[in-house]
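# what follows is a predicted protein model with its sequence.
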Amino acid sequence: MKRRTFLAAMAASAAAPLVRAQTRGGPIKIVVGFPPGGGTDAVARVLAAKLAERWGTPVMVENRAGAASVIAASYVAKQPADGSTLLMTNISNHAIAPSLYPALEYDVKRDFTPVVLVGVTPLLLIGNAQRPAANVAELAELCRKNPGAVRFGSAGVGSSQHLALEMFKLQAKVDALHVPYRGSGPMVTDLLGGQIDYSFETMASATPLGKAGKVKVLAQTRAKRAKGFPDVPTVAEQGYPGFDASTWYGLVGPRGMDAGKVRDINRDLNEVLGMPDVIAQMDTYGAEDGGDTPQKFAAFIDSEIDKWARVIRDARVQPA
């Protein structure tokens, strides 16, 4: 069953009132590992607003930035497994960090309870409006002519933006300068100001910049074009077949969560993700293919860990 069909079925099943596991408790926290303004934060706030309505209790987004969201993951791993603290996890702390940081304070498979995959989204390859390259071929040539001098910003060492750059360098056989920041917000500020040149940025934060003409949009990084940007070709279409540097968002809790509570939260999230207005918002971020079971999310995480381990090894990426 396709995820969109699955979500529609879940939404339809909600016609009768349900007793929500969360309504009996106090405020719920969704922890985000980046500052306000980035893609992970934007998606978390969409879900928090809907869940607050549904559960009849405050659902707050708490930003704990640093180390490409590893700090946030470490924090949530130590919280009570009562459902009051959830992590808006992502590719950085759940798929990349296990290979990049061998001394992590947490183990992805041991210390978290997968709840649901929220969405998979491409990154947008964007550039300062004054920079010369307007497509992937021109950018690769610019990097070849200026090895190590073209500046690419990211949300931090080990972030999805960073690893997308490393994948591009491997496939294009070029060198470029990686400039890490503490999140997408400050990185975008410097991109607009010309302190850096390009970035593989999250679609949630890059989309309004591209549509307003504030940055050049060169490509998107998923294997297929996102509905929100149907006219922007993928990196794969522009000469690099197989290039897929998708990022993703999902909700997990600390290990040991009650299986019934996980089912309840998963059900509610699937219903929220099936709402037409939420689908429309997610489409603007390029976040597609979300929903389904905790078990499928766990299998997805495993596949992502394997994929990015290969990039980290081949690119010889080192932690900061």
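Sure, I can see it. Numbering: from 1, shown residues only.

# next, count neighbours for Tyr106.
Using other Cβ atoms under 10 Å, Tyr106 has 22 neighbouring residues. For every residue, glycine as well, the C-beta is placed using N, CA and C.

# give me the secondary structure label for it.
coil (DSSP: H, G, I helix; E, B strand; the rest coil).

# check contacts around it.
The contact partners of Tyr106, by Cβ atoms under 8 Å, 6 or more residues apart in numbering, come to 73-74, 77, 112.

# helices - which of the residues you listed land there?
73-74, 77 (DSSP state H).

# and the residue nearest the centre of the chain, how far from Phe229?
Nearest to the mean C-alpha position of the chain, by Cα atoms, centre = their mean, lies Trp248 at 3.7 Å. Using Cβ to Cβ, to the nearest Å, one gets 17 Å for the distance from Trp248 to Phe229.

# got a pLDDT number for Asp283?
You'll see Asp283 listed with a pLDDT of 84.

# was I right to think it contacts Lys227?
Yes: the pair Asp283 / Lys227 is scored as a contact, 5.1 Å apart, by Cβ atoms under 8 Å.

# show me where the chain has helices.
Under DSSP H, the chain gives helices at 3-12, 39-55, 70-77, 91, 97-100, 108-111, 136-145, 160-172, 184-193, 203-211, 259-273, 276-285, 294-315.

# if you skip the residues just before and after it, what's nearest to Val118?
Leaving aside its chain neighbours, Val118 sits nearest to Tyr249 (4.3 Å; criterion: Cβ to Cβ, 6 or more residues apart in numbering).

# swap in Val46?
Gln281 (5.4 Å).

# and for the one you found, the neighbour number?
The number of residues packed near Gln281 is 17, by other Cβ under 10 Å.

# and it, how close does it get to Glu62?
Separation of Gln281 from Glu62 (Cβ to Cβ) stands at 21 Å.

# hang on, the earlier thing: higher neighbour count, Asp283 and Lys227?
Asp283 (14 against 11).

# contacting residues around that one?
Contacts of Asp283 (Cβ under 8 Å, 6+ apart): 226-228.

# now these in JSON lines, with pLDDT and distance to Ala140?
Conversion of the contacts of Asp283 to JSON lines gives the following (pLDDT from 0 to 100; distance: Cβ to Cβ, whole Å):
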{"residue": "Ala226", "pLDDT": "88", "distance to Ala140": "22"}
{"residue": "Lys227", "pLDDT": "84", "distance to Ala140": "27"}
{"residue": "Gly228", "pLDDT": "78", "distance to Ala140": "25"}
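
# Lys216 against Gly127, yeah?
Yes: between Lys216 and Gly127 there is a contact under Cβ under 8 Å: 4.3 Å.

# need the residues touching each of these two.
In contact with both Lys216 and Gly127: Ala133, using Cβ under 8 Å, 6+ apart.

# which one of those two has more residues nearby?
Neighbour count, other Cβ under 10 Å: between Lys216 and Gly127, Gly127 has more, with 23 against 20.

# please name the bridge partners of the more buried one.
Tyr198, Lys216 (DSSP bridges).

# before we move on, what about Val61?
According to DSSP bridges, beta-bridge pairing links Val61 with Ile30.

# list the contacts for it?
Residues near Val61 by Cβ under 8 Å, 6+ apart: 29-32, 41, 44-45, 48, 88.

# of these, which pair is most distant in space?
Using Cβ to Cβ, the two most remote members of these are Lys29 and Asp41, lying 13.6 Å apart.

# please identify which of the two sits among more neighbours.
Using other Cβ under 10 Å, the more surrounded residue of Lys29 and Asp41 is Asp41, with 24 against 18.

# please name the nearest non-neighbouring residue to that one.
The spatial neighbour of Asp41 that comes closest, neighbours along the chain excluded (Cβ to Cβ, 6+ apart), is Val32 at 5.0 Å.

# now do that neighbour against Ala49, distance only.
When Val32 is compared with Ala49 (using Cβ to Cβ), they lie 14 Å apart.

# so between the two, which is more surrounded?
Val32 (28 against 14).

# can I assume that one is in contact with Tyr75?
No: between Val32 and Tyr75 there is no contact under Cβ under 8 Å: 11.0 Å.
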